[in-house]
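# Okay, predicted coordinates and the sequence, questions at the end:
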Amino acid sequence: MARKKIALIGGGMIGGTLAHLVGLKELGDVVIFDIVDGMPQGKALDLAESSPVEGFDAKLAGTSEYAGIEGADVVIVTAGVPRKPGMSRDDLLEINLKVMGQVGAGIRKYAPDAFVICITNPLDAMVWALQKASGLPAEKVVGMAGVLDSARFRYFLAEEFGVSVEDVTAFVLGGHGDSMVPLARYSTVAGIPVPDLIAMNWTTKARLDEIIQRTRDGGAEIVGLLKTGSAYYAPASSAIAMAESYLKDKKRVLPCAAHLNGQYGVKDLYVGVPVVIGSGGVERVVEIELDKDEKALFQASMKTVEDLVQRSRELAPDL
Ligand code: TXD
């Protein structure tokens with residue numbers, strides 16, 4: 001059986017890390033596409049030269065031609081401009097919409113059967129634009145944000161409780177950004193819901209609220225520390241988890257920005273919800289029961305996504 005082909009559109013900080021992880025996990029061959037002259041070729045060669053030491057077999061190539069992504073099984077898109085300190089995700093809207101138009105056209109032409117994962121910010125609008133621009137079925141185009149946001153929540157909870165990150169599960173719903181909705185009720189330590197852990201005196205409601213706020217601000221915290229870019233290790237790991245679930249038909253239940261068509265009362269928007277990812281792409285949207293407060297937070301988050309998409313429609317009417 002031929003190796004799978006994974007195309008990475010954007011070979012920057014996340015793109016390079018994605019290529020490294022694909023190699024280390026032996027998920028398939030890699031093509032890095034970028035508009036910067038020589039950079040994708042240089043990164044691909046450097047990574048290929050690590051393969052004898054790490055012991056993985058994969059072809060790694062760099063390209064500035066869309067033809068290079070031909071026949072890709074998975075396409076992961078990070079192309080665009082990253083957030084700088086003080087810059088909101090929304091500031092990136094206009095420039096990155098143009099990039100999604102180009103990338104979508106490239107995917108439409110050369111990789112129409114691929115499973116496409118969008119990472120570029122502002123995420124919920126970019127994945128919407130990428131699906132429109134590529135014309136791929138909505139279940140084959142998803143956005144990565146929830147796996148990262150919930151990984152941050154899990155990490156902070158594991159630290160708080162002094163337990164393994166492996167035993168902490170967490171759910172984050174809604175848009176990627178300040179309006180995301182971390183769901184404490186659906187977050188557990190080995191199956192014990194976080195509110196029960198408060199009752200067991202493992203933590204306090206006040207501490208939990210601080211952790212939730214830190215999760216919401218997780219991206220900005222890293223941007224503030226790095227000063228010259230945004231997070232890339234955890235975002236790359238998160239997208240790889242999604243790609244792996246597709247490639248291996250694992251049917252993992254992961255929070256992703258998925259196209260909703262009525263679920264959660266939402267129409268034609270990409271919003272972070274739990275989905276099942278298997279060889280069919282997004283095979284199922286999991287509609288969980290929300291209580292009154294959670295519903296209100298989800299609605300507010302939805303409103304910010306709706307506004308962003310509305311502005312995208314105005315800025316890019318031909319999408
Ligand atoms: O949770 C999430 N979704 C995110 C999103 C978490 C962290 C970062 N997130 C966003 O991912 C971030 O705001 C950016 O929009 C993307 C990519 O972040 P990265 O840190 O990898 O940015 P880089 O290093 O600037 O890489 C972007 C690359 C860079 O090499 C550019 O030359 C290239 O994109 N680029 C293009 N490639 C192809 N085609 C076009 N048009 C293009 N324009 C720029």
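Yep, that arrived.

# for the stretch 151-300 of the chain, what spans make up the strands?
168-173, 181-189, 192-193, 252-261, 267-278, 281-285 (DSSP state E, counting those that start in this stretch).

# what's the third one packed up against?
Strand 192-193 makes packing contacts with strand 181-189 when contacts are defined by 3 or more C-beta pairs under 8 Å, 6 or more residues apart in numbering; DSSP states H and E. Where C-beta positions appear, they are placed from N, C-alpha and C, glycine not excepted.

# Tell me who's in contact with residue 144.
By C-beta atoms under 8 Å, 6 or more residues apart in numbering, the contact list for residue 144 reads 117-119, 123, 235, 238-239, 242, 256-257.

# no, scratch that, I was asking about residue 97
Residue 97 neighbours (C-beta under 8 Å, 6+ apart): 125-126, 129, 312, 315-316, 319.

# Pull the contacting residues for the nearest residue in space to it that is not next to it in sequence.
If the residues on either side of it in the chain are set aside, residue 97 comes closest to residue 316, at 4.8 Å by C-beta to C-beta, 6 or more residues apart in numbering. If you count contacts by C-beta under 8 Å, 6+ apart, residue 316 has them with 97-98, 101, 129.

# Tell me the pLDDT of residue 316.
The model reports residue 316 with a pLDDT of 87.

# so how many other residues sit close to residue 228?
9 (other C-beta atoms under 10 Å).

# And it, how far from residue 110?
Look at residue 228 and residue 110: by C-beta to C-beta, to the nearest Å, they are 32 Å apart.

# Check residue 206 too.
Distance of residue 206 to residue 110, given as C-beta to C-beta: 52 Å.

# Neighbour count: the two, which is higher?
Each of residue 206 and residue 110 has its neighbours counted (other C-beta under 10 Å); residue 110 has more, 19 against 9.

# Identify the residue spatially nearest to that one, adjacent ones excluded.
residue 70 (4.5 Å).

# Let me know the average pLDDT across the helix or strand hosting residue 75.
Element membership for residue 75 (DSSP states H and E) is strand 74-77. Mean pLDDT, strand 74-77: 99.

# Remind me what it packs against, helices and strands.
Against strand 74-77 (3+ C-beta pairs under 8 Å, 6+ apart) you get strand 5-9, helix 93-110, strand 115-118, helix 233-247.

# quick one: strands adjacent to the shortest one?
In this case it means strand 115-118. Strands flanking strand 115-118 in the sheet, each with its direction: strand 74-77 (parallel), strand 141-143 (parallel) (DSSP bridges).

# how long is stretch 194-205 from one end to the other?
One end of stretch 194-205 to the other measures 10 Å (C-alpha to C-alpha, to the nearest Å).

# in it, what's buried?
194, 197-198, 202-203 (16 or more other C-beta atoms under 10 Å).

# how distant is that stretch from the center of its chain?
Relative to its parent chain, stretch 194-205 has a centroid offset of 30 Å by C-alpha atoms, centre = their mean, to the nearest Å.
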